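> Dropping the sequence and predicted coords here.
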Amino acid sequence: MTVLRVCYKHGVRFDEGYFVSKHLPLAAGILGPYGMKRVESRDGEGERERGWGKPPYQVIFSGYFESAAGLQNAMQGPRMGEVIGDIRKYYDGTPDIMIGEVVALPAQG
């Protein structure tokens, strides 16, 4: 499984209401056919509340794809421009993008 992370930095306008109600459904509709099976969105403020210091990101989106090829096809898809173009409606910066593999740990016995 491959994960796409979109990380939104602190100190930059981020409209969470728009992100949740408009952007996430748009992204899911466009990326879902390419094998995106699950999404997560987490607020970085929880780290500060736990005493871990100020996190670098205010929100991190994670989209989990069945395969690296599926993610690559999504990124090159004809509608990816809609997803990218929508970012400016809720965020005034350029998010950091990270791509990686989800690795299962061996069973501990």
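Arrived safely, thanks for sending.

> list the contacts for the spatially most central residue of the chain?
With distances taken as Cα atoms, centre = their mean, the residue of the chain nearest its centroid is residue 61 (2.6 Å). Contact analysis of residue 61 by Cβ atoms under 8 Å, 6 or more residues apart in numbering lists 5-8, 24, 39-41. The way it works is simple: take the backbone N, C-alpha and C, and place the C-beta from them, glycine included.

> Just the ones in strands from these, please.
Mapping these onto strands (DSSP state E) picks out 5-8, 39-41.

> Out of those, give me the one that has the most neighbours.
Taking other Cβ atoms under 10 Å as the neighbour criterion, residue 8 ranks highest of these with 25 neighbours.

> Which strand residues bridge that one?
Beta-bridge partners of residue 8, counted by DSSP bridges, are residue 59.

> and it, what does it touch?
Neighbours of residue 8 in contact, by Cβ under 8 Å, 6+ apart: 14, 57-61, 91, 93, 95.
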